[in-house]
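# What follows is a protein structure lacking sequence information:
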């Protein structure tokens, strides 16, 4: 027995019954000022990111009536400048027997003025199941659009029986791209032996798909790989994924689930490939399920979910009728060392208002609102310092270790560390309830939610050995 699908008419009825709830959420002082967040209810993975006719479409996993009703939709927002966003009704509904427990994560591929959205339709049976090797369906579904607002009928492309025989019931999150005049699809997977991998499928027409191979390292690395992404910058290829079940290793893999990238050496013709070492995309407390897309200017842009599943942190906004948000948009690039890096999208400079600047050797102490951008440029690299951010966050550098200490915030987030031989640049974005810290031009990033009083906030640099300049902007 499975859940009955929810149609658009039922959604509209539920929404009207909860209009007062929606209005109350919009007035919550913890609402973020320049991030995408759910209009009400729950938000998680970014989905189907694309730009069509100058308009950026950001879809996302959305449960508007959470926790009262658990139906998942694809929420939908649009923007032309990443400053102003328009909210729309959900774009994809759990309205067929193939996705009655939710249209789960997926991506967009564009060709011939058409956007092809591929996603996982989740079906969860009611009964006594383990939901790993039985009790669920993970269906690969296609829906198309000419404008990003109106959608075709859904088409079932693959079901669990079409995936390799050694796979569990966890195969999901498709991304489609083109190489060598052929179409390819990657999906995250978990085998019956609890080994994570990325499955590669091939097609000539975007409809009929055949399994080709799987990407995985020589030694097992986690039991499940979620949310795969493929991108190519210049002649460098990369695979993103979110491995689950990777044990902590010193400062590495500190969260319950990880997120990162491998370099990929593969021509998409034969069977042989080489995966490079795994690199974490973010070292903060709240980053998972990123998705990348290439815009009309050729930039690779990333949004991530500002949360981690099963993390156990306190989220005070839940009692206020909403939970979670997306990161600021970030542009991906390869630095001189060959590392894939993230930098805030240049459009975000338009958020800047009041500016102040000075020399780090003369110290830094100023009152601030919760929304600000802070930049440090250290001429010869920092030796050590201690920076107090807002009410209860300490960012310290000592013995070549950068430490983010959020213990004082009282939300279950404690300490995260990064070993870096030279620290020469920091760029920090603070919103009402979030922090994003870009280290050395985005070679590393810390993303976290933060919950403090938002009153009488201060930025203060304690004594340290540091030369360079600082810039502050209110946002």
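Nice, thanks for sending it over. Quick caveat: nothing in here was measured; it's all calculated off a predicted structure. Numbering: from 1, shown residues only.
# Once you drop chain neighbours, what's closest to the one residue sitting closest to the centre of the chain?
By Cα atoms, centre = their mean, the mean C-alpha position of the chain lies nearest to residue 304, the distance being 1.7 Å. In this structure, residue 304 finds its nearest non-sequential neighbour in residue 290, 3.9 Å apart by Cβ to Cβ, 6 or more residues apart in numbering. For glycine as for every other residue, the C-beta is placed from the backbone atoms N, C-alpha and C.
# In which helix or strand does that neighbour reside?
Counting by DSSP states H and E, the element that carries residue 290 is strand 288-294.
# Tell me which residues of the host helix or strand of residue 403 come out buried.
If you go by DSSP H and E, residue 403 is part of strand 401-405. If you call a residue buried by 16 or more other Cβ atoms under 10 Å, then strand 401-405 has these buried ones: 402-405.
# Check residue 301 and give its pLDDT.
pLDDT for residue 301: 98.
# now do residue 3
Looking at residue 3, the pLDDT reads 68.
# Straight-line length of stretch 81-97, end to end?
37 Å (Cα to Cα, to the nearest Å).
# should've said stretch 141-158
Start-to-end span of stretch 141-158 (Cα to Cα) is 7 Å.
# go on, stretch 356-368?
Note: stretch 356-368 ends 11 Å apart using Cα to Cα.
# Run the chain-centre distance for it.
How far stretch 356-368 lies from its chain's middle: 32 Å, per Cα atoms, centre = their mean, to the nearest Å.
# Likewise for stretch 255-266?
On Cα atoms, centre = their mean, the centre of stretch 255-266 falls 13 Å from the chain's centre.
# just to revisit the earlier point, what's the strand holding residue 403 packed up against?
Judged by 3 or more Cβ pairs under 8 Å, 6 or more residues apart in numbering; DSSP states H and E, the packing partners of strand 401-405 are strand 393-398, strand 415-419.
# let's see it at 10 Å
In this structure, strand 401-405 makes packing contacts with strand 384-389, strand 393-398, strand 415-419, strand 434-439, strand 444-449, judged by 3 or more Cβ pairs under 10 Å, 6 or more residues apart in numbering; DSSP states H and E.
# Contacts for it, please.
251, 283-285, 382, 384-386, 388-389, 392-397, 413-420, 423, 426, 435, 437, 439-440, 444, 446, 448 (Cβ atoms under 10 Å, 6 or more residues apart in numbering).
# Which among the residues you listed count as buried?
For the contacts of strand 401-405, buried by 16+ other Cβ under 10 Å: 251, 283-285, 382, 384-386, 388-389, 392-397, 413, 416-418, 420, 423, 426, 435, 437, 439-440, 444, 446, 448.
# sorry, back to before: wait, the residue nearest to the centre of the chain sits on residue 260?
No. Residue 304 lies out of contact with residue 260 (Cβ atoms under 10 Å); the separation is 11.7 Å.
# what touches both of those two?
281-282, 290.
# of the residues you listed, closest to residue 359?
residue 282 (30.3 Å; Cβ to Cβ).
# Now do the strand holding residue 403 against strand 434-439, angle only.
The directions of strand 401-405 and strand 434-439 differ by 180 degrees, with axes from the mean of the first three to the mean of the last three Cα atoms, to 10 degrees as the criterion.
# before we move on, back to that, what about the residue nearest to residue 304, how many residues nearby?
27 (other Cβ atoms under 10 Å).
# now do residue 313
17.
# can you pull the contacts of it?
285-286, 307, 406, 409, 411-414, 448-449, 451.
# ditto for residue 252
Counted by Cβ under 10 Å, 6+ apart, residue 252 has contacts 246, 258, 260, 278-280, 283, 417-419.
# Would you confirm that residue 466 contacts residue 384?
Yes. Using Cβ under 10 Å, residue 466 makes contact with residue 384 at a distance of 7.6 Å.
# Quickly list what's touching both of the two.
Common neighbours of residue 466 and residue 384 (criterion: Cβ under 10 Å, 6+ apart): 397, 423.
# what are the pairing partners of the strand or helix carrying residue 48, and which direction each?
Secondary structure assignment for residue 48, by DSSP H and E: strand 41-52. Partner strands and pairing direction for strand 41-52 (DSSP bridges) are strand 55-63 (antiparallel), strand 322-323 (parallel).
# which one of these lies closest to residue 314?
The nearest among the strands paired with strand 41-52, by Cβ to Cβ, is strand 322-323 at 11.0 Å.
# Tell me the spacing between the residue of the chain most remote from its centre and residue 116.
No residue in the chain sits farther from the centre than residue 362, which is 37.6 Å out by Cα atoms, centre = their mean. Note on residue 362: its distance to residue 116, by Cβ to Cβ, to the nearest Å, is 56 Å.
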